[in-house]
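[1] dropping a prediction and its sequence here:
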Amino acid sequence: MAHRSVRVALGVGGALLLAASATACSSSSSTPSTASSTPAGSASATSSASAASSASATSASSSTAAASGTCGSIPNVGFTDKSGLVSSLGSFADSYNGLNGTVYKSPWSTWKGATSNVKVGILIDGLTNPFQTELENNLVSGLKALGYATVALAPSSASVTDQLQGYQTLLNDNVNLIIAQVQDPTAYNSLIDKAAKSGIPTVGVLNEIADANAVNVVPNSVLGGMKLAQYVVQQAQGKGQFMFIHGIVGAPIDTDTMNGANDVLKLCSGITTNESIQTQFQASVAKQQVLSYLNTHPQAVTGVITAGPFTSGVIQAFQQAGRTVPVITNNGLDEGGLAYWVQNKATYNGVALANTPNGLAYATVQVAHKMLEGDGVKLNTLSIDPPLVTNDDLSKYVTLDPSWTINSAGTASGPANLYVSNDFIDAIFTK
């Protein structure tokens, strides 16, 4: 098994779906940190240091947790809860298992919100793929449906500097709240803290912001990786060789997904893994790289874990190589991969995470709306456990199009309200 990987900061526009959280898993803290009752720059003074110090505890925590289970079981992986509030969320606390970030008590818990002529700024990390475009469109339409004016910006994802300038532009436009998909977990902190001192909160979407002054709405990709791996292990009966196919090594969704999958495989002595392939999150590159591997490695592959939406390219590689297509995770709902699944449903047991862009937008809009209504957000992270989709419920969570083929490019959506429950969203608020 591979060791846990370390993440680097990368933008999502340049590589599809570079998602999820931003620091490191560690043993859960039982001591709540202090947080001011009003937004203040001091809330973030400890965030980066706390996140960094928690990283060192990651490996020990997850190793111990995994050792207590059996091959293919989902371990209880530690995470850092500086708020001391996650345990009060009841069953929703399970969604924080392995979260690669630090949960803080939110300084916005007593914020009165804003109700007159409200304007929301949206900063998206480039629009270079369908997921990004749909995420932004659904954020704008969702906010407008609730009566808010919006200012949406999508600077080049190739430059953090451009993103920071975009954030400053939104502040200059006198917005009341900013929704930001950040490239780097800490690069924006000084501007976020500046905005907080002026009574302007920031809601991080998809990628975690390591600052207590921000409120994050993020899928838990570590837990997602564990759930995907568990299903594939079961289908492979705990034996054979697995391929772990990367998008970009070090990208958040890549690191978190693969760390989660490896947590599940730690006691699987009958499974070996190969993690040598990197695809740049592109189906065409995935096809080329996997085909090259298969043509030089005759050993049967019994399962494939993917870090992003390039399943169609992996499937095509197996087909062109004349090899049996094993269970290949669809981690991003790419339409080509879904088309193969639907067309071969009688013999192919597919699996996916329903991490839909419209569902993520819905959750983010609801969090922003409740904050603006003055409902008081108690902690700074809504850790989402995207639904695991199999043959039994594919059509429930994913909107399918019969015209799709293996060559279709795009990201599927699904019923937005099934992505995360309103009860969970309500649970992180005071009212």
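    Everything's here; your move.
[2] next, the contact list for the nearest residue to D385 once chain neighbours are set aside, please.
    Once flanking residues are discounted, D385 sits nearest to S95: 4.1 Å by C-beta to C-beta, 6 or more residues apart in numbering. Quick note: C-beta positions are derived from backbone N, CA and C, even for glycine. By C-beta atoms under 8 Å, 6 or more residues apart in numbering, the contact list for S95 reads 220, 223, 383-385, 424.
[3] from those residues, which two are the most distant?
    Largest separation among the contacts of S95 by C-beta to C-beta: L223 and F424, giving 14.0 Å.
[4] the two: which is more packed in?
    Between L223 and F424, counted using other C-beta atoms under 10 Å, the more crowded position is L223 (30 against 18).
[5] just the element for the more buried one, please.
    Using DSSP states H and E, L223 maps to helix 221-235.
[6] now do the buried residues in that helix.
    Neighbour counts over helix 221-235 (16 or more other C-beta atoms under 10 Å) mark 221-233, 235 as buried.
[7] so what strands line up beside whichever helix or strand comes after it?
    Using DSSP H and E, the helix or strand that follows helix 221-235 towards the C-terminus is strand 240-245. Strand 240-245 pairs in its sheet with strand 271-274 (parallel), strand 301-306 (parallel), by DSSP bridges.
[8] returning to that earlier point: and which of the buried residues of helix 221-235 is nearest to T306?
    Once C-beta to C-beta is applied, the member of the buried residues of helix 221-235 that ends up nearest T306 is L228, at 8.4 Å.
[9] tally of neighbours for the residue lying closest to that closest one once chain neighbours are set aside?
    Take L228 and drop its neighbours on the chain: the residue closest to it by C-beta to C-beta, 6+ apart is T329, 4.5 Å away. T329 is flanked by 28 other residues according to other C-beta under 10 Å.
[10] quick one, what contacts T329?
    If you count contacts by C-beta under 8 Å, 6+ apart, T329 has them with 228, 231-232, 304-306, 311, 351-353.
[11] what sits against L353?
    Residues near L353 by C-beta under 8 Å, 6+ apart: 219, 224, 227-228, 329-333, 386-389.
[12] now T128: how far from F281?
    Relative to F281, T128 is positioned 10 Å away (C-beta to C-beta, to the nearest Å).
[13] any residues in contact with both of the two?
    With the criterion set as C-beta under 8 Å, 6+ apart, the contacts of T128 and F281 do not overlap.
[14] between these two, point out the one with more neighbours.
    Under the neighbour definition other C-beta under 10 Å, T128 and F281 were set side by side, and F281 has more, 26 against 18.
[15] tell me if I'm right that the more buried one and G313 touch.
    No: judged on C-beta atoms under 8 Å, F281 makes no contact with G313 at a distance of 10.3 Å.
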